[in-house]
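**Q** Would you be able to build a 3D model of this:
(4 chains)
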4 protein chains.
Amino acid sequence: MLKDIRKIFIVTKAGEPRAAALASEVATWLASRGIDSLTVPHHCGMGNFPCSMTTCDLVLVLGGDGTMIGVAREVGGQSPMLGVNLGRVGFLTEVPADDWQQCLSDLLDGRMVVRRRLTLAYAVLRDGVRVHEGRVVNDIVVNRGSLARLIRLRVAIAGEWLGSIRADGMVVSTPTGSTAYSISSGGPIVHPDIAAVAVTPICPFMNDFRPMVLPGDCHLEIEVEEPASEVFLTLDGQECVPLALGDVIAIDAVDGGLLLVEPEESTYLSRLRTKGVIE
Amino acid sequence: MLKDIRKIFIVTKAGEPRAAALASEVATWLASRGIDSLTVPHHCGMGNFPCSMTTCDLVLVLGGDGTMIGVAREVGGQSPMLGVNLGRVGFLTEVPADDWQQCLSDLLDGRMVVRRRLTLAYAVLRDGVRVHEGRVVNDIVVNRGSLARLIRLRVAIAGEWLGSIRADGMVVSTPTGSTAYSISSGGPIVHPDIAAVAVTPICPFMNDFRPMVLPGDCHLEIEVEEPASEVFLTLDGQECVPLALGDVIAIDAVDGGLLLVEPEESTYLSRLRTKGVIE
Amino acid sequence: MLKDIRKIFIVTKAGEPRAAALASEVATWLASRGIDSLTVPHHCGMGNFPCSMTTCDLVLVLGGDGTMIGVAREVGGQSPMLGVNLGRVGFLTEVPADDWQQCLSDLLDGRMVVRRRLTLAYAVLRDGVRVHEGRVVNDIVVNRGSLARLIRLRVAIAGEWLGSIRADGMVVSTPTGSTAYSISSGGPIVHPDIAAVAVTPICPFMNDFRPMVLPGDCHLEIEVEEPASEVFLTLDGQECVPLALGDVIAIDAVDGGLLLVEPEESTYLSRLRTKGVIE
Amino acid sequence: MLKDIRKIFIVTKAGEPRAAALASEVATWLASRGIDSLTVPHHCGMGNFPCSMTTCDLVLVLGGDGTMIGVAREVGGQSPMLGVNLGRVGFLTEVPADDWQQCLSDLLDGRMVVRRRLTLAYAVLRDGVRVHEGRVVNDIVVNRGSLARLIRLRVAIAGEWLGSIRADGMVVSTPTGSTAYSISSGGPIVHPDIAAVAVTPICPFMNDFRPMVLPGDCHLEIEVEEPASEVFLTLDGQECVPLALGDVIAIDAVDGGLLLVEPEESTYLSRLRTKGVIE
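**A** Numbering: from 1, shown residues only, chains lettered A, B, ... in the order given. Here you go, the predicted model:
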């Protein structure tokens, strides 16, 4: 349930004049209803948010799914988020730009609900040292470089080695991300009400590993076994980290790592249809 | 947790002398430890079990996965079940025949655990009338006959129509069944600790429908839209029911519809490896 | 190149009044141009054609792809065939009904070409005896019955055993048939200018066999290794033959087994687009 | 048929002492039989071969499949090639190192045959200028960089646009290369006796493009439609060329671009089995 809304953080896609203009309009509208707001442009991966962002009652994102995901990685489930889409209707930013006023009215009148989504926290361990860490909303991809051959990855689930796989790489996806890169790799659509993680190989050699859906509460580890110099970790398709031989990527699901505000009547299936994923 | 074991129902694969001989040996061993037992051969789909079976403390199955599934469909989560395998090691009947004594000792000493598995309850509705119903452990398959062309099926999830699909058929699988027929149709491996149902099309025309993993608590309906006379419902690969145009198959998950007794140290992943599903 | 057209066989889809009416119109039109014609309705699998059909200069089919395939299986490359479609535009019956007059004018003016298509000849060998034989335009499918489990098939190519496969079945397809059932089973689109045969497993267990494209001139054999009673041979989706344990299906490509008359400018790719197979 | 062998070019994998030692042994053996030989180490992509290499009667490669492919790209069908494998048995370098003497005796005694393989010639056209060109034995891969999103590629076959595809990339493979990267992307195994080219998308978005097998004699063009800066052309997995927006990759098959010397009794199927691709 959404608590009483008194303070809203408005985040705009940086360098997008339309977002800035809309933000100003929205702020005026909110002020006239006695609601405080603060507007900040979002630079992907900059970590530039004031800490107060996580103490507001709502983060309102004006942009596309990319901006929404970038902001969500920093908010991390501490505040509910609502996305107003400035482009085509997105999976996460479901409200079309023209409907913002109706949408905010519905919000203030209690006709919106908060839905919990699972996100992933990850850390890269190199020789036992944590050299990188963060959170993703959609997916963690371990992938070979452009020239490198197949890479070999060792996968462990809940501390138990599952086996090695030779492939172009591997996608670890949240239910939210299951319709993004994971589906192109052959992974299943996983309904976001399931606390689960999908693990899907990318172009596996001889098909020796099938897409798996694992419980959200199990710790996952992927180790780079292949000496190839070119292996990359890609986070939500927004950030890219080079990996070294022997690196271990440790992954844990964060239940409620994203709190998504949605119209009561909106369903996951209707969004799948709208986006052409089904039918 | 397994409660105190005082009464065991032993079910043997019918027409399998080895199972009958083992049952007699097991009964003697149990009697010497003050435990009552009753032995009944299992005829698939006969519903021949005395009702007392569901009141015993354990159902011990001597046979293979097929027998285990047939018995489980009748026991339906009312008693914990343990399978001793007389053939090659099975997914559900994990204990090799030669280890039965060790296994039962472990059981009596409290070194076995009960794991809940999701099963499916289904009903066939024809012109609003319930013409068939039952339970499955692995999967419900709607499939065309040998000559019939593609069939068209309408799928609804939680009362919302998802769309129509043209295919050879569709598999609705429990996590337990995800490594059976579902995986051959391109479905993912779903860990049995997840309360979810996998829906996978069989040879879909133009690939217009992807494997989906849905929450275990959502009601699923499949309607036969195609006038072809030859459409069949196959239940756990053991029972086959002809369907008619307009028939609706209503499916609900039953959490804990199977209570599986397993060695404490046994894991799902180790079974996947043993059976060659991974690696 | 089409030779001089003096005699045309018109085949109509049986029980289709529209086809009969059109045939009469076409015959009158042809007669006014000094061309003989004879009209016969087609009953699938009846082998009811007068032998003279194979001595005419053209077989003109009024119906859909199904009728075209049924007739083509009997004509077997002895006469060029042209299909006028009475339903939606087909892969083989490309000329829409309303365009028949333009199409026949083009034909008589030499603006149509004959394209050779590969077909398949098959025989079922039981205990060394040929118990069934025939030809197909699209595909030969060996498939399990509705209840039967996975079947095991042995495949030999050019006299060399390729191995056994456990699956629901197997599709052997011509390039023409590669966009029919074969594609739903995961087979590739094979351009009809290639003299090749596609062999694709249906729902293979553990994915142990990949779709293969083999030279058109290699003899193929499939043996039913599995004792299951329910195995069927389905021919072009039109005819169904029960198989027994040990049966061997011997398959040979027939180059030019179908001679298809097409507008000069018509291409395979444009048909793929029209039918929605690509894009 | 192999012509009379008088002059052999021996190519060794550079920096591989075992190859150099074996080359010296082989040269001595050949000299004692009155056959001239010249030994040159191979540096991948260096184009360091004396032009006389293409005028010899045989190119004998001591190395693995990688060396064989690198050399074959330069020889280009002008001389028959034979590979002696120093590692595990390869697809192209079939003769184990220990068998070299038997193999060369068989060769001189006329018990080896030459088999023609199709290769691919490609050129990168940028603003109408040919900025890069060459030949491949296995495959031409157009692929996105590590961070870049899906790329959009336009494909034309024989001058006719086939459509656009959004994917990670695309593999254009010879029959020889069909068991290499192409198969991991979901492409079919294409028997090398077929003059055909396989076109397979890599992780296509929404599966909107299926693997296709096209006639070897049709000209193929792929255009980079996506403004993403990171798109690469990878050639036989050995060479990597950055592509720019609007670049067109023109591809033509070269029949007999590789002349492979093989034992008479060796078959393609037996090699598939040996390498574990089938069974």
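
**Q** Tell me, what's the model's pLDDT at the residue nearest the centre of chain A?
**A** Nearest to the geometric centre of chain A sits A:Val137, at 1.7 Å (C-alpha atoms, centre = their mean). Note on A:Val137: pLDDT of 97.

**Q** cool, A:Pro50 as well?
**A** As predicted, A:Pro50 sits at a pLDDT of 59.

**Q** from memory the residue nearest to the centre of chain A sits against A:Thr174, does it?
**A** Yes: using C-beta atoms under 8 Å, A:Val137 and A:Thr174 qualify as a contacting pair, with a distance of 6.7 Å. Placement of C-beta: from N, CA and C, glycine included.

**Q** Please enumerate the shared neighbours of the two.
**A** The contact sets of A:Val137 and A:Thr174 overlap at A:Arg117, A:Thr119 (C-beta atoms under 8 Å, 6 or more residues apart in numbering or on different chains).

**Q** ok now do the residue nearest to the centre of chain A, which residues does it touch?
**A** Counted by C-beta under 8 Å, 6+ apart, A:Val137 has contacts A:Ile69, A:Ala72, A:Arg73, A:Leu92, A:Arg117, A:Thr119, A:Thr174, A:Thr176, A:Gly177, A:Asp236, A:Gly257, A:Leu258.

**Q** From these, which shows the smallest pLDDT?
**A** Among the contacts of A:Val137, A:Leu92 carries the lowest pLDDT, at 88.

**Q** could you point out where the stretch 101-250 of chain A is predicted with low confidence?
**A** A:148, A:207-208, A:227-229 (pLDDT under 70).

**Q** Helices along that one, start to end?
**A** In the stretch 101-250 of chain A, the helices defined using DSSP state H, counting those that start in this stretch lie at A:181-184.

**Q** Write out the residues of it neighbouring chain D.
**A** Residues of the stretch 101-250 of chain A lying close to chain D by C-beta under 8 Å from any C-beta of the partner chain are A:143, A:145-147, A:149-150, A:167-168, A:181, A:183-186, A:202-206, A:232, A:234, A:237, A:239-240.

**Q** Need the buried ones from these selected in PyMOL.
**A** Selecting the buried subset of these in PyMOL, with 16 or more other C-beta atoms under 10 Å in any protein chain shown as the burial test, is done by:
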select buried, chain A and resi 143+145+146+147+149+150+167+168+181+183+184+185+186+202+203+204+205+206+232+234+237+239
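
**Q** What's the nearest residue in the stretch 1-150 of chain A when you look at chain B?
**A** Proximity of the stretch 1-150 of chain A to chain B (C-beta to the nearest C-beta) peaks at A:Leu118, 12.1 Å away.

**Q** burial count for that residue?
**A** The local packing of A:Leu118 (other C-beta atoms under 10 Å in any protein chain shown) involves 25 other residues.

**Q** how does chain A divide up, domain by domain?
**A** Annotated domains of chain A cover A:7-110, A:118-256 [automatic domain parsing].

**Q** near chain B, anything from the shortest one?
**A** In this case it means domain A:7-110. No: applying C-beta under 8 Å from any C-beta, one finds domain A:7-110 separated from chain B by no less than 15.0 Å.

**Q** Endpoints of that domain, how far apart?
**A** End-to-end span of domain A:7-110 (C-alpha to C-alpha, to the nearest Å): 15 Å.

**Q** again with the last one
**A** Using C-alpha to C-alpha, the end-to-end distance of domain A:118-256 comes out at 5 Å.

**Q** what do you get for stretch A:72-82?
**A** Using C-alpha to C-alpha, one end of stretch A:72-82 lies 10 Å from the other.

**Q** List the contacts of that stretch.
**A** Residues external to stretch A:72-82 that are found in contact with it (C-beta under 8 Å, 6+ apart): A:2, A:9, A:47, A:49, A:53-61, A:68, A:71, A:92, A:95, A:103, A:107, A:112, A:114, A:119, A:134-137, A:235-236, A:238, A:254, A:256-261.
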